[in-house]
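A.B. asks: Here's my sequence, what's the structure:
(one chain, ligands or ions: 2)
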Amino acid sequence: MVSVIFPAAGQGRRMQAGKNKVLLELAGQPIFLRTLLRFSAVPRVDELIVVTGADEMAYMQQVLERTPGLKPWRIVAGGSERQYSVANGLAAADAQADIILVHDAARPLVSQATIEAVIEGACTYGAAIAAVPAKDTIKVVDSEGIVQSTPPRRTLWLVQTPQGFQRDILLRANEQAAQDGFLGTDDASLVERLGVPVHVVSGGYENIKLTTPEDMRVAAALLQDKTD
Ligand code: CTP
Ligand code: MG
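C.D. replies: Residues are numbered from 1 along each chain as shown. Ligands and ions are numbered 1, 2, ... in the order given. Okay, here's the model as predicted:
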């Protein structure tokens, strides 16, 4: 059984909308709802767990209750950091779930092919993440603004969500991180610390995380010619 955890408990500070960005409408539909509908279209997905702020749970519930076509869902309260929100979602997953995907609620443009590839990768390897090759050259820069190094571009990948894991691997990774006081910027970084190999599967350049105001215009444009 596949459960998907959607961290949606952020403040959306960089979006500067004065509220949680996942509640903003994109082409007439709240962002978080678009994201849940994408996953609901994938046959292998069994359960949706939305993790959000305590004061947003009632509103989200209303929206989901009046939306047809969603897979079984539940809403749980998040934490002060994304990692804690994911941990709360993980604790709420159905006992039968053996594969857990984590996907930012703020990525509504994810394709079904990417979702399926991550599920397949998690089943086969235990840990799989969606990513795309970096297009730009990326440099390591110190706090003085001086370039320290230029890693070869062919080794650099831009990591997205979904990230998928066998449940026990993600549980162990979260427990270890909590014990060590380690805070990662994605879920795979917690798994990497266990020494478990994390496999990269093909994401999509359109699978952007809506982060700053101009991302809304980019997403609206991408939605217009979306076929999948
Ligand atoms: N998130 C979460 N719990 C937190 C922080 C973030 O569930 N404590 C979620 C966000 O809602 C978002 C995803 O994690 O769907 C990715 O985080 P990010 O893009 O950083 O969103 P925000 O934290 O909301 O934005 P910002 O960092 O600009 O405030
Ligand atoms: Mg954030």
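
A.B. asks: In this protein, which residue sits nearest ligand 1?
C.D. replies: Residue nearest to ligand 1 within the chain (C-beta to the nearest ligand atom): G10, separated by 1.9 Å. All C-beta spots, glycine's among them, are computed from the backbone N, C-alpha and C.

A.B. asks: contacting residues for that residue?
C.D. replies: 20-22, 82, 106 (C-beta atoms under 8 Å, 6 or more residues apart in numbering).

A.B. asks: mind redoing it with 7 Å?
C.D. replies: By C-beta atoms under 7 Å, 6 or more residues apart in numbering, G10 lies in contact with 20, 82.

A.B. asks: any low-confidence regions in this protein?
C.D. replies: Residue ranges of the chain with pLDDT under 70: 227-228.

A.B. asks: Quick one: name the residues of it near ligand 1.
C.D. replies: 7-14, 21-22, 51, 78-82, 85, 104-106, 209, 211 (C-beta under 6 Å from any ligand atom).

A.B. asks: try 5 Å
C.D. replies: 7-14, 78, 81-82, 85, 104-106 (C-beta under 5 Å from any ligand atom).

A.B. asks: Give me the buried entries from these.
C.D. replies: 7-10, 12, 78, 82, 85, 104-106 (16 or more other C-beta atoms under 10 Å).

A.B. asks: Doesn't L158 belong to a helix?
C.D. replies: No - L158 is assigned strand when assessed by DSSP: H, G, I helix; E, B strand; the rest coil, not a helix.

A.B. asks: where does it sit relative to V196, distance-wise?
C.D. replies: 21 Å (C-beta to C-beta, to the nearest Å).

A.B. asks: Please identify which of those two sits among more neighbours.
C.D. replies: V196 (18 against 15; other C-beta atoms under 10 Å).

A.B. asks: Correct me if wrong: the more buried one contacts G126.
C.D. replies: Yes - look at V196 against G126 with C-beta atoms under 7 Å: they come within range, at 6.2 Å.

A.B. asks: list the residues that contact both of those two?
C.D. replies: With C-beta under 7 Å, 6+ apart as the test, V196 and G126 both reach I169.

A.B. asks: Restricted to strands, list the residues of the chain next to ligand 1.
C.D. replies: 7-8 (DSSP state E).

A.B. asks: among the residues of the chain next to ligand 1, which are in helices?
C.D. replies: 82, 85 (DSSP state H).

A.B. asks: In contact with A17: list those residues for me.
C.D. replies: L24.

A.B. asks: all helices for the chain, in order.
C.D. replies: Using DSSP H, helices in the chain cover 31-40, 57-65, 82-92, 112-125, 167-180, 188-192, 213-224.
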